[in-house]
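[1] Model the following, please.
(chains A, B and C)
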Amino acid sequence: MILEARDVRQLYGDFCALDGVSLAVEPGQVVSIIGPNGAGKSTLINVLTGLLRPTQGAVRFKGRDIRGIGPVRLAQLGLARSFQLVQIFPDLTVRETLQAAVVSRLGRGRRFLASLATDREVARDAERVAELFGLAGHLASRARTLPQGDKKLLDVASAFALRPEAILLDEPTSGVSTRDKTAVMEMLVRASRGVGIETILLVEHDMDIVFAYSDRIVALQQGRVLADTTPEGLRRNEALVAAVVGRLPGTGAFREPAP
Amino acid sequence: MTRAAAGPLAAVLVVAVAFPHVAPAYHVTLMLPFMAYGIALLGLNLLFGYTGLVSFGHALFLGIGAYTGAFLTTHSKIRSLEVILVVAMLAAAIVAAPVGALCVRYVKIYFGMLTLAFGMLFYTFVLKFYHLTGGDEGMPFVRPTLLGLPLASLSKTAYLIGPFYYYSLALLVLAAVVMWRIVHSPFGLCLRTVRDNPLKAESLGVSVPRYRWYAFLTSAVYAAAGGVLLATPTGNVDPTLAYWTHSGNLVFMTLLGGFASFFGPILGAFVFIYLQDTVMSVFPYWRLVFGVILAALVIFAPTGLAGLIARPAGSSRR
Amino acid sequence: MRVAHVVNVLMGGVFHAAILFLVAAGLQVVFGVQKIFNLACGSFYALGAYVGVWAVQLFVQGGGPPAFFIVPLVLGGLLAGLIGIVVERGLLRFIYDRDETFQLLLTFAVVLMLEDLIRMTWGTAPTSTAGLYLIYGQVRLLGAAIPTYNLIVIGASLGIAIGIGWLLTRTAFGRVIRAAAENREMAEALGVDMRFVYVRVFTLGCTLGTLGGALVIPSTAAMSEMGVELIVEAFAVVVIGGLGSMRGALAGALVVGLLRAVAIALYPALEMLLIYLIVIAVLVLRPRGLFGKAATA
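    You can find the predicted model right below:
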């Protein structure tokens, strides 16, 4: 188990955002977390990425307690994330963005008199990641000048450049047209292999993607885990499908119930 | 360093070196506070332009540098400017460590207010404890020796426009070279990530408060060196060095030259000093003029002179 | 310690607090609605002081009865507040969409400009209304002699505090102010013309400052450094009280006013030192002050 949450409860005053959520992620798996808005996905993500210390329960990464340790420590431990709302460094170039991640990974952030430009290891690694994401042609462009889709890719690419053991992708295909979603996912899968990421936590709304790429699906509803099973297992359970997905496969694209 | 920039830079250096031999003494002495501010601003801009934090209390460290020098030369036999500089920079680092640790946990307006408070705290302390510090009359800063050279026979002016000028220039160049390395290092890159998007920076493993603190420390050390050089020509230090409006002027100079460029702040210091001198000679109300200039800068040209030079078509938003 | 002495010290503190409240209230209302920390509030205070003195001098020289000096004083203070319109329309309105830092710097530019404008108009020598305020006599309180003028000012300040409270909670404009302070976009979407609101709010804030400066003048003298010195105290008041809160302005003013008075009486060197330490402590331990909203970190 590389990442596990056990009986996590998160209370905001009287409001219970997470009510005894447990999940376990094995290394090498792609686990999707689905659920309507308000189901507690964001809260769970913040708990899993060390931003929020849960009111109750345990959260472990590689066996270590990571409750509320913050994104910095977590990134150093080997768990990275990308963001639902694209997060980039507006005034840095694509190259610099990726180099920043590599510098952080290699622990060279405190080298204040060394020259960044002549650090070939950093440069090469950044370029490699850029190639995996199709950004090699944009290395010199400032991040704020990129088209929205490329900004999203850069957000994910820089997280990948940390070469984490596990990564949480928060709606990586949101904002991408349906036609391109599969292409993006293929790129992400290939890139993760190229960079050595074994475990992916995927938060997604697009059911086609979820069913096509997940080893396991965890469905959240109102702060509780409604289902934690394989795509097949989910498909077979009609009641579950109706509750979570809304329609059966084969009758058109999956749609989630309205929030 | 781009080819395009290297040429003009070399030319500027040549002029700077030749200056005392061709220009009247008055203008040469005017260069001295410019160089002192130049060093201080290189540090301030690491905090402002490269890390995104605006300090309204940076004169605190100028004051620490100046008062360290005054203390050493008045109360002890130490006259060596090298020793004074080292002690001043150490003192600044020692003060900046806890102050910075406190301040960098806050951003924008709260950071500005906290730094302002610390600056005024130092000002008030120095003002009130006049037994130690001479209160509002200040303390003398006896002429320091440079590299142990026998210069005592020189008149004050000859000392200032001669050996002290070149000493300051060398220090400015050294400070600039070191800052250039810092800014173009992996560390500098991390600072810029902190500036551009703290949330994303943290997700990449860059501790935002830690790096802001490093920037704060470095800028404090630079400011102290500048403070020492600032006080030497006047031969006296007084509390107004640490007053909040002095900090405001430091930010003004940085903005004037352009915080988005490496040499901008130095340019800003130069223009500020010379403009102030020019204006004061015809019109005693230089603050009015400068207030108008600052307002115009903020509204029309926030990237400063360097920004205008680099991009003449309109001002760009930061 | 004699009771009379204590009363004297405390009443001095309350008087100072009354003035501080006015300036701080001006700061708060501008920060609350426009999110701008107006470094020039001290300069407006200074302006009010000078214009107040000038108005009183005109009045007295013109043959006005000295007992009514408070009328031109207040009118002068209010008149000076109109400069807020000039500053807001002429400068501030161009930078509402900019980073806070630049807004702060623009108010610093106003500080510079006003400092010299005051010097240009009135010179650098201090000017005052001399002992005019003594014309109202004194009140005996527990053995201490308190100038009646001071009590008038304290009363006026309290009245203004109540007036502001009434304005904010009972009038349409007050509601608009509070809405704009909570959520500017929403207020705009609901049809509020923000330009209209901003110029009035800023002028209100400015006038509170100039009024404070005018009212303090009889008991001190107008000096050119008044402006830059006061801002630090005003800033201490709003930090302790909480940025953006009127109640905070009142509470903070009392804390700072009384503390200063006590410090001056007991250990003068500590005076502002103590205030700054408290400001720093507040910013660290409870950044939102006594009554402010959530802190930013």
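[2] Which other helices and strands does the longest helix seen in chain C contact?
    In chain C, assigned by DSSP state H, the helix with the most residues is helix C:3-34. For helix C:3-34, the packing partners by 3 or more Cβ pairs under 8 Å, 6 or more residues apart in numbering or on different chains; DSSP states H and E come out as helix C:41-61, strand C:144-147, helix C:148-170, helix C:172-182, helix C:194-216, helix C:226-241, helix C:246-266. C-betas here are computed from N, CA, C, even on glycine.
[3] nearest to chain B, of the ones you listed?
    Minimum separation from chain B across these (Cβ to the nearest Cβ) falls at helix C:226-241, 5.3 Å.
[4] average pLDDT for the closest one?
    Averaged over helix C:226-241, pLDDT sits at 86.
[5] what's the answer for stretch A:195-211, then?
    88.
[6] Can you classify residue B:78 by secondary structure?
    Classification of residue B:78 by DSSP: H, G, I helix; E, B strand; the rest coil places it in coil.
[7] ok, back up a step: just send the helices and strands packed on helix C:3-34 back as TSV, with mean neighbour count and distance to chain B too.
    Formatted as TSV, the helices and strands packed on helix C:3-34 follow (neighbours: other Cβ atoms under 10 Å in any protein chain shown; distance: least, Cβ to the nearest Cβ, whole Å):
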stretch	mean neighbour count	distance to chain B
helix C:41-61	25	10
strand C:144-147	18	27
helix C:148-170	16	23
helix C:172-182	16	16
helix C:194-216	24	15
helix C:226-241	26	5
helix C:246-266	22	11
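[8] Redo these as CSV? Include distance to residue B:180.
    Below are the helices and strands packed on helix C:3-34 laid out as CSV (distance: least, Cβ to Cβ, whole Å):
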stretch, distance to residue B:180
helix C:41-61, 39
strand C:144-147, 62
helix C:148-170, 53
helix C:172-182, 45
helix C:194-216, 43
helix C:226-241, 36
helix C:246-266, 45
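[9] Of those, which is nearest residue B:114?
    helix C:226-241 (9.1 Å; Cβ to Cβ).
[10] helices or strands next to that closest one in the packing?
    helix B:108-128, helix B:244-257, helix C:3-34, helix C:41-61, helix C:100-122, helix C:246-266, helix C:271-285.
[11] mind putting those in CSV, distance to residue A:102 and mean pLDDT included?
    Formatted as CSV, those follow (distance: least, Cβ to Cβ, whole Å; pLDDT from 0 to 100):
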stretch, distance to residue A:102, mean pLDDT
helix B:108-128, 29, 88
helix B:244-257, 31, 93
helix C:3-34, 42, 89
helix C:41-61, 48, 89
helix C:100-122, 31, 90
helix C:246-266, 47, 89
helix C:271-285, 36, 83
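[12] just so I know, which of these lies nearest residue B:266?
    Among the helices and strands packed on helix C:226-241, the nearest to residue B:266 by Cβ to Cβ is helix B:244-257 (6.6 Å).
[13] The closest one packs against which elements?
    For helix B:244-257, the packing partners by 3+ Cβ pairs under 8 Å, 6+ apart come out as helix B:25-48, helix B:59-75, helix B:108-128, helix B:264-282, helix B:286-300, helix B:304-310, helix C:100-122, helix C:226-241.
[14] Reformat the ones you listed as CSV; add distance to residue A:185.
    What follows is those, written out as CSV (distance: least, Cβ to Cβ, whole Å):
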stretch, distance to residue A:185
helix B:25-48, 42
helix B:59-75, 52
helix B:108-128, 39
helix B:264-282, 45
helix B:286-300, 47
helix B:304-310, 41
helix C:100-122, 40
helix C:226-241, 51
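[15] what's the closest of those helices to residue B:151?
    Checked against Cβ to Cβ, the stretch from the helices and strands packed on helix B:244-257 lying closest is helix B:59-75, at 14.5 Å.
[16] quick one: contacts of stretch A:28-46?
    A:5, A:8, A:10, A:17-18, A:21, A:23, A:25, A:52, A:81, A:168, A:170, A:198-205, A:207, A:210, A:213-223, A:226, A:244, A:256-259 (Cβ atoms under 8 Å, 6 or more residues apart in numbering or on different chains).
[17] Chain B next: which of those residues are close?
    Residues of those in contact with chain B (Cβ under 8 Å from any Cβ of the partner chain): residue A:81.
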